[in-house]
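S.K.: sequence plus the predicted model coming up.
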Amino acid sequence: MSSKLKRVNYSIYLNPVNSLSDRYAVGIMQKWVNERKDMLDNPDDGLNLHNSLHMHKNIYLSGMFLHLLSPTLSAGLANSLGDDSIKMATLKQQFDACGLVIPMAPVQEPGISREDLDSLRAAVDMTPLLGEIQALRGELQQASEHQRQASEAHQHQLLQAAEREQALLQGQQNTQQELVETRQTLMSLCSELAESVAANTAPADEAVATEPAAPEVAVPAAADPEVTTPDDAVVTADFSELQQALTEEIRANNHKREIAELKALIKAQSQLIKTLSLTGEPDQTKAQPEEEADLTTTIASMQKVKKKGLW
């Protein structure tokens, strides 16, 4: 052996019966012994055999480092040796128990490079998604346009309905005004009819009452054989009175019939005016031209009767 190297032999005493850590350590050491025997039998494992010779040195020196750093930490790790306890959580737990804190450097998140972005863009094809987004945008625009057109159409319909309602109200007011004027005209015609009937009836009665009897003239029979006799004069007077009575009766009947017809027309027109005034429905305005024609016909008939001179 070279003078530069110093051989140190050290023996440790383990108690595998009473200590779980010692039992686990004995098992690990026995495994290393078997692996070394296999290396000695295999010439190709020379490098591994050389490394195994220095393994115990590293183990001892690392244990020495921990002992010098903290004897409590070294003892705690020795007692924690086991198959399920060899992990970073056990090491951190022992450090915390010894009051040792390992300063942790802030973890910097790696930035995304341009190459990574290009790779992600190449891996994810956004063309179909962009197409769907464009299609949805077009559908939303169409829906918005349709909604706007529907709103404008609805407003236009409301405006037309308001105009129609205003026109119907105006027509109804005009119709009511015309009905009032027609009623006044009918009342005036009825008054004139009553005055005319009264004026025509009084002179006729006076004429009948004051009409003188035909004088009887005595004419000799021999002078003219065609001269009427007293009996013929009586017959003639009776016939004149009968004719006058028939004429008056016919005139009175005509007056009564015309008055009855006018009363019926006035009653019908009054009922119609009352109905239109009470209801005032827009549908009844459709019959306005026919009703106005009836009123016009009635007024024309009354004026025609008046022109006949019977009033």
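M.R.: Right, received. Where do you want to start? Numbers count the residues shown, from 1 in each chain.
S.K.: list the buried ones in stretch 124-143?
M.R.: Across stretch 124-143, burial judged by 16 or more other Cβ atoms under 10 Å covers no residue at all. Every residue, glycine included, has its C-beta placed from N, CA and C.
S.K.: against residue 36, how distant is residue 6?
M.R.: 22 Å (Cβ to Cβ, to the nearest Å).
S.K.: for these two, indicate the residue with more neighbours.
M.R.: The residue with more neighbours, out of residue 6 and residue 36, is residue 36; 16 against 7, by other Cβ atoms under 10 Å.
S.K.: and the more buried one, how far from residue 22?
M.R.: Residue 36 is 21 Å from residue 22, by Cβ to Cβ.
S.K.: any idea of the pLDDT on residue 48?
M.R.: At residue 48, the model reports a pLDDT of 79.
S.K.: what sits against it?
M.R.: Going by Cβ atoms under 8 Å, 6 or more residues apart in numbering, residue 48 touches residue 39.
S.K.: gap between it and residue 126?
M.R.: Distance from residue 48 to residue 126, by Cβ to Cβ: 54 Å.
S.K.: over to residue 38?
M.R.: The value you get for residue 38 to residue 126, if Cβ to Cβ is used, is 58 Å.
S.K.: which positions within stretch 185-195 qualify as buried?
M.R.: Neighbour counts over stretch 185-195 (16+ other Cβ under 10 Å) mark 186, 189, 193 as buried.
S.K.: for those, which one is nearest residue 44?
M.R.: Using Cβ to Cβ, residue 186 comes nearest to residue 44 of the buried residues of stretch 185-195, at 140.8 Å.
S.K.: is it true that the closest one touches residue 267?
M.R.: No: contact between residue 186 and residue 267 fails when scored by Cβ atoms under 8 Å: they sit 10.5 Å apart.
S.K.: where in the stretch 51-200 of the chain is pLDDT low?
M.R.: The model of the stretch 51-200 of the chain has pLDDT under 70 over residues 103-111.
S.K.: and if we set it to 90?
M.R.: 51-63, 66-67, 69-134, 165-200 (pLDDT under 90).
S.K.: can you tell me the element residue 175 falls in?
M.R.: helix 127-210 (DSSP states H and E).
S.K.: elements contacting that helix?
M.R.: The contact analysis (3 or more Cβ pairs under 8 Å, 6 or more residues apart in numbering; DSSP states H and E) places helix 127-210 against helix 230-279, helix 288-307.
S.K.: start and end of stretch 69-83, how far apart?
M.R.: Terminal residues of stretch 69-83 are spaced 25 Å apart (Cα to Cα, to the nearest Å).
S.K.: buried residues in it, which are they?
M.R.: 70, 73-74, 76-77, 80-81.
S.K.: tell me the one of those residues nearest residue 141?
M.R.: residue 80 (70.0 Å).
S.K.: mean pLDDT for the helices and strands packed on helix 127-210: which is lowest?
M.R.: Lowest mean pLDDT within the helices and strands packed on helix 127-210: helix 288-307, a mean of 61.
S.K.: name the element residue 15 belongs to?
M.R.: Counting by DSSP H and E, residue 15 is found in no helix or strand.
S.K.: all helices of the stretch 1-150 of the chain, in order?
M.R.: 20-41, 46-69, 71-79, 88-98, 114-123, 127-210 (DSSP state H, counting those that start in this stretch).
S.K.: the closest residue to residue 63 other than its chain neighbours: what's it in contact with?
M.R.: In space, and not counting its chain neighbours, residue 63 is closest to residue 74: 6.5 Å by Cβ to Cβ, 6 or more residues apart in numbering. Residues in contact with residue 74 (Cβ under 8 Å, 6+ apart) are 63, 66-67.
S.K.: of the helices of the stretch 1-150 of the chain, which stretch is the most buried?
M.R.: helix 71-79 (a mean of 16; mean count of other Cβ atoms under 10 Å).
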